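> test case, fold it:
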Amino acid sequence: MTTGIRITELRLVGASGTDKTYGTGFRAKDGGTFRPLSVIAGPSLTGKTSIIDFVKYCLGDDEHPQHAEVLAAVRAALLETELDGDPTVIERAASGDPSKFASIWRSTRLTDMHGTAELRVSTEPPSDPDGLSQLVLSSCNLDGIELPDSAVNPDTATQLLSIRDVFRVMFVPNDRLDNKNLVFENSHHMVKQKFRQTIDAMFGVHNNEQAVLAGRLRLAR
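As a prediction, the model looks like this:
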């Protein structure tokens, strides 16, 4: 079984009263479900960044594109993925404020959703152990990881690693290169700490058992 998050298709459902849909696919031409490399290209202001933003939104981000033309034309975003090798469709409402929950269909694809049970999960807070963030992270074996709020205080509180922490590693926008702050070395100290902790967790360096025990000790005291 393949571990990880693999994106196969993004579909945007048109505004209420229309049957329009928009989207793009990331499937291999040989009939496979996943294309190892995709390039999104086009002139400025044609929606390239919006594709990435909608992918992040469906995976658990707290915002979606707020361009007036997008808000007027898009009612919901659906993302077909493979989570730990299991085809999964994630849907979130995209009109108005970001939705507080997501609809999940497991073991199915966009073309075969009818008759599949819908599961609703929360998107807020991202630390919800039963929410979307932890569900997505479980496909990467990154769920349930406790990150201490302080790097020096053993009695500090802890917070669950969220998909939004991992986004700092997954998505590198141009401004990170422009301001020479690629690894958040010039950012707020908590952002820098979270980035380093996320890297440690991804490469198996983070001692999660120690963080969990420290959190329990703090609560006991």
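
> can you list the low-confidence ranges for this structure?
1-2, 31 (pLDDT under 70).

> strands of that one, start to end?
5-14, 21-25, 74-83, 86-93, 101-106, 119-122, 146-148, 158-160 (DSSP state E).

> show me what contacts the spatially most central residue of the chain?
Using Cα atoms, centre = their mean, the residue of the chain that lies closest to the mean C-alpha position is Leu59, 3.1 Å off. Contacts were defined as Cβ atoms under 8 Å, 6 or more residues apart in numbering; by that measure Leu59 touches 5, 79, 81, 90, 132, 136, 163. In this view, the C-beta of every residue, glycine as well, is placed from N, C-alpha and C.

> any idea how far it lies from His114?
Going from Leu59 to His114 by Cβ to Cβ, to the nearest Å gives 24 Å.

> same deal with Thr123?
In this structure, Thr123 lies at 25 Å from His114, with Cβ to Cβ as the measure.

> ok, the two, which is more surrounded?
A count of neighbours by other Cβ atoms under 10 Å puts Thr123 above the other of Thr123 and His114, at 22 against 7.

> setting aside sequence neighbours, what's the nearest residue to the more buried one?
Counting by Cβ to Cβ, 6 or more residues apart in numbering, the nearest residue to Thr123 once its immediate chain neighbours are dropped is Leu132, at 4.9 Å.

> tally of neighbours for the closest residue to Ala117 other than its chain neighbours?
The spatial neighbour of Ala117 that comes closest, neighbours along the chain excluded (Cβ to Cβ, 6+ apart), is Trp105 at 7.4 Å. Using other Cβ under 10 Å, the number of residues around Trp105 comes to 21.

> same thing with Thr3?
Per other Cβ under 10 Å, the neighbour tally for Thr3 reads 11.

> wait, it touches Cys140, no?
Yes. In this structure Thr3 lies within contact range of Cys140 using Cβ atoms under 8 Å: 6.5 Å.

> what is in contact with the two at once?
Residues within reach of Thr3 and of Cys140 at once, by Cβ under 8 Å, 6+ apart, are Asp84.

> quick one, helices of this structure?
In the chain, the helices defined using DSSP state H lie at 48-59, 68-73, 132-138, 163-170, 174-178, 189-202, 208-220.

> next, format these as JSON lines and append distance to Ala151.
Written out in JSON lines, the entries for those read as follows (distance: least, Cβ to Cβ, whole Å):
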{"stretch": "helix 48-59", "distance to Ala151": "27"}
{"stretch": "helix 68-73", "distance to Ala151": "39"}
{"stretch": "helix 132-138", "distance to Ala151": "22"}
{"stretch": "helix 163-170", "distance to Ala151": "15"}
{"stretch": "helix 174-178", "distance to Ala151": "23"}
{"stretch": "helix 189-202", "distance to Ala151": "6"}
{"stretch": "helix 208-220", "distance to Ala151": "11"}
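
> nearest to Gly85, out of the ones you listed?
Gly85 lies closest to helix 132-138 among those, at 12.3 Å (Cβ to Cβ).
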